[in-house]
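**Student:** The sequence and its predicted three-dimensional model are supplied below.
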Amino acid sequence: MKPRAAATLTLDQRVPRPLSIVADARRRTQDARRTATHNDAQRRKSRYSASHRRAMPPTEPNTVEDTQLGLTEEEINLLRYHQAQAGSSSSRAASRASSQGRLLLDSSSLAALSRHLDRLMHQIQQRIEYLSEQSSVVTLQQYDHAGNLVDNADAEIARFQGIMSQIDELELDFDRIAHIRDIVRDYRQRVESLERELDNSNSSRREHHHSHRHSHSHRHEGASSGHRHRH
């Protein structure tokens, strides 16, 4: 076999290792990335917990500034885009709030946004799984049956690296969307809890008013009966 033309990288640098080793290295890289992402999310969550009380000012009871949610700049841009996307089919108010850099604190709008983000995360996960399968196929295609590099191995290696880059970007987007989704869920639960408390309070007032009217009616009837009896 003729020696391959000289290249910038050595053979060991250009050629991915056997599939099992590549997969193992990728798992370690993913674990490290998840750990770093988790730590970053915890820090952002702490900032969010410290600021979320300020994020619901009494003068703006129905919206909150998205810059007060403990999100990164990239996540804020994603929230604005996807709130507008979810609101375009469910609420013009949500789209308007998004254009103003605010999150609409309405239970139905928050529920629509949460469902939209869940669907998006599912789509990203499916895409990651598909590209992972493709990366395995490309790795195998770099070798012939004898275990030697095929003639177009450079092109296959470039394709493999391109797929890995796409997967990394998708995993980063997945983590960002997951963080946004968690904050949206938290606000949705708080808004729904407040709505239930308000409904219960209104119901109690109606029952008290009805009971008061009923008691007053009985006293009036008793007084009328006594008046008739004296006559």
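**Tutor:** Nice, I can see it.
**Student:** Which helix or strand contains the nearest residue in space to residue 127 that is not next to it in sequence?
**Tutor:** Nearest in space to residue 127, with sequence neighbours left out and distances taken as CB to CB, 6 or more residues apart in numbering, is residue 170 at 5.8 Å. (Glycine included, C-beta is placed from N, CA and C.) Assigned by DSSP states H and E, residue 170 belongs to helix 153-230.
**Student:** what does residue 64 give?
**Tutor:** Going by DSSP H and E, residue 64 is in strand 63-65.
**Student:** Kindly report the same for residue 80.
**Tutor:** Judged by DSSP H and E, residue 80 forms part of helix 73-90.
**Student:** One more: residue 103?
**Tutor:** strand 102-104.
**Student:** Let me see the mean pLDDT of the helix holding residue 170.
**Tutor:** Regarding helix 153-230, the rounded mean pLDDT is 79.
**Student:** What number of residues are in the vicinity of residue 133?
**Tutor:** Residues near residue 133, counting by other CB atoms under 10 Å, number 11.
**Student:** Report pLDDT for it.
**Tutor:** On the pLDDT scale, residue 133 gets 95.
**Student:** mind checking the SS state of it?
**Tutor:** helix (DSSP: H, G, I helix; E, B strand; the rest coil).
**Student:** Equivalent analysis for residue 116, please.
**Tutor:** Reduced to three states by three-state DSSP, residue 116 is helix.
**Student:** burial count for the nearest residue to residue 62 once chain neighbours are set aside?
**Tutor:** Among residues not flanking residue 62 along the chain, residue 105 sits closest, at 5.4 Å (CB to CB, 6+ apart). If you count neighbours by other CB under 10 Å, residue 105 ends up with 20.
**Student:** Residue 105 against residue 191, yeah?
**Tutor:** Yes. Between residue 105 and residue 191 there is a contact at 5.4 Å, judged by CB atoms under 8 Å.
**Student:** Return the list of helices and strands in contact with the helix or strand where residue 108 lies.
**Tutor:** Secondary-structure assignment from DSSP H and E places residue 108 in helix 107-141. Judged by 3 or more CB pairs under 8 Å, 6 or more residues apart in numbering; DSSP states H and E, helix 107-141 is in contact with helix 19-51, helix 73-90, helix 92-99, helix 153-230.
**Student:** Please identify the buried residues of that helix?
**Tutor:** 107, 109-114, 116-117, 120-121, 124, 128, 131, 135, 138-139 (16 or more other CB atoms under 10 Å).
**Student:** follow-up on the earlier one: show the average pLDDT along the helix holding residue 80.
**Tutor:** In the prediction, helix 73-90 has an average pLDDT of 87.
**Student:** got the angle between that helix and helix 107-141?
**Tutor:** Here helix 73-90 runs at an angle of 120 degrees relative to helix 107-141 (axes from the mean of the first three to the mean of the last three CA atoms, to 10 degrees).
**Student:** Would you mark the buried spots in helix 73-90?
**Tutor:** So, applying 16+ other CB under 10 Å, buried residues of helix 73-90: 75-76, 78-80, 82-83, 85-87, 90.
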